[in-house]
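Student: sequence and predicted model, in that order:
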Amino acid sequence: MSIASPATIRPQGKVVACASTEAARQHLELTIRRAGYDSVCVATLAELRTIALNESIAAAIIDEPQSVADIETIDAELRRAERPTQFILLPTIGQRMAAPRSVSCDVVEPPLTPERIGRALFTAVGRAQLINENIQLRQKLEGRMFDGLLGVSEATRHLRNQIHEAAEHDKPILVQGEAGCGKSEVARAIHLTRSGPGQPLLTIRCNLLTAAVVERELFGDDQMEGRLSAATDGTLVFEDVEALAVSHQHQLAEIIRNNAWRNGDNYVPLRARIICTTSANLQQLARNDQFSRELLSILERGVLNVAPLRERMEDLPVLAEHFLQQCSVREGQPIRRVSDDTLSRLLTYDWPGNIRELENVITRVCSLSTVPTISADEVEPWLEKTDDSTELPGLTLREMERKLIEATFNRFGGNRELTAKALKIGIRTLSGKLREYGYPPRGGPGSNRKSEQRVA
């Protein structure tokens, strides 16, 4: 009795046929399609390079290449761009071709039958598929390592590379980007990559502190250690550095320049990495004498720009999934997902509040609903309306806030601690809101339900 061998699973991928003549391109395209792969034709290596850098190309068949060195140059560029494309070279009959130095390039010697080309394609596309899976896995692992820097977009990959480069030295870094785009996460990632979780990461939120408080935070006093000292061997982050008083900006520039600060008659060495973040145009502020030119010249030597979410929308599905998982774990609910229609709606929104706004929307929707799949209708009320929008939101902001708080409060059976934690607000703030809505004081009779005397 014979046993049938298992069917071979053919790897999937698009293949480029590169040939200088129309007849050769047509012949290669027919061979590629008969082998079971999608194909596209180009006439030059320049066209091949462009399409391979901008599309997902598993393999490229190059007919009668003039120079192996040119192909190796393109191959090296694709590897740097993390493209998995493999090359199959078909030499001119009667001409011997030197073996390429790259493992991504194979030479198919004559006779160039469809069967031989098909076998070469099977190997090349399969190898490209494995390489692509490894690239995606590594990107995912890198994203998980950086928590808030999840994503697969080119902008996010470039930012991760910049973070690794910044972690190779201790020079000051300026992280620029719109509000809510993840600047604090970038600073944290630089710190973790450079110093590790065991070293201090301290933050001064410049827009929340008065000049006197900033002075005390930096240098300390008899009651507390200053953060310049406390951040030794770690990182000190100045969030919204443009909000520092100009006098403190000059002071910070002097500390960085001298790599020390003055403590009475002595100088104390600076042993902390300085990272500043900003959403402002520091160059314009400096021209208006609202920001220290000296500090700006120091910070401009190491700048990381964080792209807004609308410019890296490929990251949105990964981020939405991450925030959904966080909400589900925090509330002890099964992991939820967004429907295809919901994802489409999220992808058409501009996200003026960037990643922070996306997280807030996901959190609010999760707090109001326990369904396993989030619909577009549940998301829509939380998306900011533009001035020219013809749609009117069904609820005012005040009404939506009340609906969110009450739904979360009821879900947790009147437990104020769990409700405040889920909503990310203080227990006093929650209690004040509940009193406003007519709930009895905490611990009193009926404190976990609405007062029946309250007018709806």
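Tutor: That came through, no problem.

Student: SS state for the spatially closest residue to Q129 that is not a sequence neighbour?
Tutor: Distances taken as C-beta to C-beta, 6 or more residues apart in numbering put P11 closest to Q129, at 4.6 Å, once the chain neighbours are dropped. (C-beta placed from N, C-alpha, C; glycine too.) On the three-state scheme (DSSP: H, G, I helix; E, B strand; the rest coil), P11 is labelled coil.

Student: what pLDDT does P11 get?
Tutor: On pLDDT, P11 comes in at 75.

Student: my guess is it contacts V125, does it?
Tutor: Yes: contact criterion C-beta atoms under 8 Å: P11 and V125 qualify, at 4.6 Å.

Student: of these two, which one has the most company?
Tutor: V125 (24 against 19; other C-beta atoms under 10 Å).

Student: that one contacts K14, correct?
Tutor: No: contact criterion C-beta under 8 Å: V125 and K14 do not qualify, at 9.0 Å.

Student: what is in contact with these two at once?
Tutor: Common neighbours of V125 and K14 (criterion: C-beta atoms under 8 Å, 6 or more residues apart in numbering): Y37, A58.

Student: how about L324, what does it touch?
Tutor: Applying C-beta under 8 Å, 6+ apart, one finds that L324 lies in contact with I335, R336, R337, V338, I362, C366, I374.

Student: quick check: closest non-adjacent residue to R402.
Tutor: Closest to R402 by C-beta to C-beta, 6+ apart is Y437, at 6.2 Å.

Student: hmm, I typed the wrong one, I wanted G177.
Tutor: G177 sits nearest to V306 (C-beta to C-beta, 6+ apart), 3.3 Å away.

Student: what's the neighbour count on the one you found?
Tutor: Per other C-beta under 10 Å, the neighbour tally for V306 reads 24.

Student: residues in contact with V246?
Tutor: Contacts for V246 (C-beta under 8 Å, 6+ apart) come out as D289, Q290, F291, S292.

Student: OK, contacts around the third one?
Tutor: For F291, the contacting residues are E242, V246, Q249, L282, L285, taking C-beta under 8 Å, 6+ apart as the criterion.

Student: any idea how far E406 is from it?
Tutor: Distance check for F291 against E406: by C-beta to C-beta, to the nearest Å, it reads 45 Å.

Student: again, but for the second one
Tutor: Distance, Q290 to E406, by C-beta to C-beta: 44 Å.

Student: F409 is in contact with L434, correct?
Tutor: Yes: L434 sits in contact with F409 when judged by C-beta under 8 Å, with a separation of 7.0 Å.

Student: so those two - more neighbours on which side?
Tutor: More crowded of L434 and F409, by other C-beta under 10 Å: F409, with 26 against 22.

Student: alpha carbons of the helix or strand harbouring the more buried one, as CSV, please.
Tutor: Using DSSP states H and E, F409 maps to helix 397-411. The C-alpha coordinates for helix 397-411 follow below in CSV (Å, rounded to 0.1, in the frame of the first residue of the first chain):
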residue,chain,number,x,y,z
LEU,A,397,-18.8,66.6,26.9
ARG,A,398,-20.4,66.9,30.4
GLU,A,399,-23.0,64.2,29.6
MET,A,400,-20.4,61.9,28.2
GLU,A,401,-18.2,62.3,31.3
ARG,A,402,-21.2,61.5,33.5
LYS,A,403,-22.2,58.5,31.4
LEU,A,404,-18.6,57.2,31.6
ILE,A,405,-18.3,57.6,35.4
GLU,A,406,-21.7,56.1,36.2
ALA,A,407,-21.2,53.2,33.9
THR,A,408,-17.8,52.4,35.4
PHE,A,409,-19.1,52.9,38.9
ASN,A,410,-22.0,50.5,38.3
ARG,A,411,-19.7,47.9,36.7
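
Student: list the contacts of it.
Tutor: For helix 397-411, contacts defined as C-beta under 8 Å, 6+ apart pick out 331, 364, 367-368, 370, 381-382, 395, 416, 419, 422-423, 430, 433-434, 437, 448, 450.
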